[in-house]
Structures are given as structure tokens and as C-alpha cells.
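1. Below are the sequence and a predicted model; questions follow.
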Amino acid sequence: MSRLRGLDGRIRVPLALVVGRYFVLVLFAALLTVGGPWALFTGAMARGEVLPADWGSTHADETVGDIASAGHLDPDSLSTAYRVAHVSDTGEVLFSDMGEEALASAQTSVSSAIAAGETSVRPGPDVSSGSYARVAAVKLADGTWAAISWDMMPHWADHARDASWPNPQDLWLASTVIGTVLMVVLVALRAARVLTRKMEPLVAAANAVAADDLDRPAGTSGVAEVDDVLAAMERMRVSLKRSLEEQMASEETRRQRMETLAHELKTPLTLIQGNAELLAADLEEGRLQGEQADEARAILDATHRLDAALIDIISAWREGERDGEGRLEPDADSRG
């Protein structure tokens, strides 16, 4: 439980729960995108607006009997589940809205019935020949034949709607697929926004360290695993800041020591150089002869070399200091 509480005492959410809730959301949304169209589809069948896929097969004998009782073929009086053909007693097609395969099967069935002296026929699909057409035929009062065919698909009960609207099953499948895809896209976009927002403190902390902004503390996201990384980055920031401060303090101490040392060396050197210049003046006026003159020249030359060497040492040290500060503190161009 302590792992789920931050340093400020607030409850932190595990990353698994952040991601898992979107899987749960997808599951429930899928039930809606699949169950919703299915409920509408079954409701339409219950109200009689849509005929079930097996309606044609179930009512074929009844439909053939009604046609035989009427003695003539009236396509408009038949259900939308059927396609019809009017065939002469010689097998000639007088009228048809069947497909080619169903019409060929109907003609074959009528010819077989005429040859056998039958007045009606309902053969099963000839699977061996690759034909799955479902047909039935009956002889009319004028000697011609009426044939009907059907498929195993649902149909709109209304003729105008069945002729102009997509098949109910296709409409149901399309609405299910489109709804599911749209739902997944919306959930994915929402999940991406939430995860991006949860990661923003992590990105901000990394950018702050990259920009040498060590005074900016790492924030929190409310997600346990992300906050653990942020806490590690905060410890790194504090440690790095302390290290830089100690290094800068050490550099400042060394600079002060060097300046003190330079001052302590420069003061006696200046005195020596001044006395050497007085000796040089005596040398020019001829008051020094022999060894005294040579020693005066040597002292004056040594003080000049020592002064130049001290200046070179201080200049080299200051140049090294500037290079070190440049490495520790990037200039404005590198930060930009």
C-alpha cells in the first residue's frame, strides 16, 4: 500500500490500472457496438419488418400451394423472400426476375416434372453440380408453370424497401464493423491523450536537466511507476546540483588562493625590482664598477624574468578558469 502513496501522501494509480481501464472500456463499448445493431435487427424481425433468413425455405410449400389455388402467377402478391419465373409447358421462359443459376435450376425442374407427369416439384440443391439454388415450381390452370426461388438471407418485408435499401444483414454487419472501428479509434485517441499527459512531468524533468535548469524540481504524475522514475530523477537532480555547487565552491577557493599567492609574490618582487632599478640607475651614472655592476645587471634581469613568468602563470591559470566555467555553464547559443 505504501508504494501506492506518494511522498505527499496522495494515492498513486498503478500504470496497469491506467491502461487496463481502457481495455475494459473497449470491452463494454464493443458490447454496445455489436449488441446495439443486433438488438435493432432482431427487433425488426420481431415486428415483421425483416424476414428471417430461413423464411423462404419454411414457407415455400405454403407459397406454392397459394399460387396453385389462385391458378395464376402474381409476383407482387408474393413475399420479398422469393424471386419468380413464369415458364411455358415447353420450358420457354415467359417472365423471370431470378438469377441465372436459379432460373436454370427452375427450368430443369419444370422439364423433369413435365416428363414425370407431376404438377409440382421442389428439388433440393444439386450440390454435386456445384449449384446451391433453392427452387420450387407448380403447374398453373393454363398449363404454364410458376417457379419460385429463395436464398438463405434475411429480406425487408416491404417490397419498395427491399428493392432500394441494403440487405438487412449487410446493413447490420456494416453498422457493427463501422461502429466498432470508430469506437476503437476514439478510445485509442483518448488513451493516447491521457498517457501523454501523465508523461508530461517526466518529459519536463528530462528537458530541465538537459537545459542545466537544476533549480526546477521534478513534478508528479499520479501514476506510481512514472512517479518512481520522477523520484529517481529528482534525486539525480539534487545530487548533480550539490556536486556542481561543491565544484564551484572549490574553484572559488582555488581562485582566491591563487590571487593571494600572486599578491604575496608580487609584493616582495616589486620591492626587489625597485631596488634593482635603483642599482641600474647607479650603474648608468657610473657609481658601480666591476663585480657590483655585473651583479646589478643580473639582479635586474632576473627580476624582469621572474615578473614575466609570474604574469604568464596568472594568465594561464585565468584562461584555464574561463575554459572550466565554459564547460560547466553552456553559453546562450548552446542552451537555445
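-> Cool, the structure landed. Numbers count the residues shown, from 1 in each chain.
2. rest of the way, CA atoms for contacts and neighbours
-> Noted.
3. so what's Tyr60 closest to, chain neighbours aside?
-> Actually, residue 60 is Ala rather than Tyr. The shortest distance from Ala60 to any non-neighbouring residue, by Cα to Cα, 6 or more residues apart in numbering, is to Ala136 (7.3 Å).
4. Show me where the stretch 1-150 of the chain dips below the pLDDT cut-off.
-> Low-confidence segments of the stretch 1-150 of the chain (pLDDT under 70): 1-10, 125-132.
5. Can you identify each of the strands in it by residue range?
-> Along the stretch 1-150 of the chain, the segments classed as strands by DSSP state E, counting those that start in this stretch run 50-51, 82-87, 93-96, 120-121, 134-139, 145-150.
6. Tell me which of those sits most buried.
-> Among the strands of the stretch 1-150 of the chain, ranked by average contacts under mean count of other Cα atoms under 10 Å, first place goes to strand 145-150 (a mean of 27).
7. Now do the phi/psi pair for the residue nearest the centre of the chain.
-> In the chain, the residue lying closest to the centroid (Cα atoms, centre = their mean) is Ala192, at 6.1 Å. Dihedral pair for Ala192: phi -60, psi -40, per degrees, to the nearest 10.
8. Hmm, Thr119 and the residue nearest to Ala60 touching each other?
-> No: if you go by Cα atoms under 8 Å, Ala136 and Thr119 don't touch, sitting 11.1 Å apart.
9. in the chain, which spans are helices?
-> Using DSSP state H, the helices found in the chain span residues 15-46, 55-58, 60-70, 100-116, 159-164, 168-210, 224-284, 291-328, 332-335.
10. Quick check: which ranges of the stretch 201-336 of the chain have low pLDDT?
-> In the stretch 201-336 of the chain, residues with pLDDT under 70: 283-284, 286-290, 321-336.
11. what's around Ala231, how many residues?
-> By other Cα atoms under 10 Å, 19 other residues sit near Ala231.
12. Return the residues in contact with it.
-> Ala218 (Cα atoms under 8 Å, 6 or more residues apart in numbering).
13. roughly how far apart are it and Leu202?
-> As for Ala231, its distance to Leu202 is 10 Å (criterion: Cα to Cα, to the nearest Å).
14. which residues are in contact with both of the two?
-> Ala218.
15. Out of the strands of the stretch 1-150 of the chain, which gets nearest to Ala211?
-> For Ala211, the closest of these is strand 50-51, at 67.8 Å, according to Cα to Cα.
16. Now find how far off-centre the closest one is within its chain.
-> 41 Å (Cα atoms, centre = their mean, to the nearest Å).
17. Give me the packing partners of that strand, helices and strands only.
-> helix 15-46, strand 155-156 (3 or more Cα pairs under 8 Å, 6 or more residues apart in numbering; DSSP states H and E).
18. wait, which of the ones you listed is closest to Asn207?
-> The nearest among the helices and strands packed on strand 50-51, by Cα to Cα, is helix 15-46 at 22.7 Å.
19. in the closest one, what's buried?
-> 22-23, 26, 29-30, 32-34, 37-38, 41, 44-45 (16 or more other Cα atoms under 10 Å).
20. out of those, who's nearest Asn275?
-> Tyr22 (89.9 Å).
21. For Leu261, find the nearest of the helices and strands packed on strand 50-51.
-> When the helices and strands packed on strand 50-51 are compared (using Cα to Cα), the closest one is helix 15-46, at 59.8 Å.
22. Run the angle between the closest one and helix 168-210 for me.
-> 160 degrees (axes from the mean of the first three to the mean of the last three Cα atoms, to 10 degrees).
23. from the middle of its chain, how far away would helix 15-46 be?
-> On Cα atoms, centre = their mean, the centre of helix 15-46 falls 21 Å from that of its chain.
24. from the buried residues of helix 15-46, which single one is nearest Arg216?
-> Tyr22 (33.1 Å).
25. how far away is the closest one from Gly56?
-> Tyr22 is 44 Å from Gly56, by Cα to Cα.
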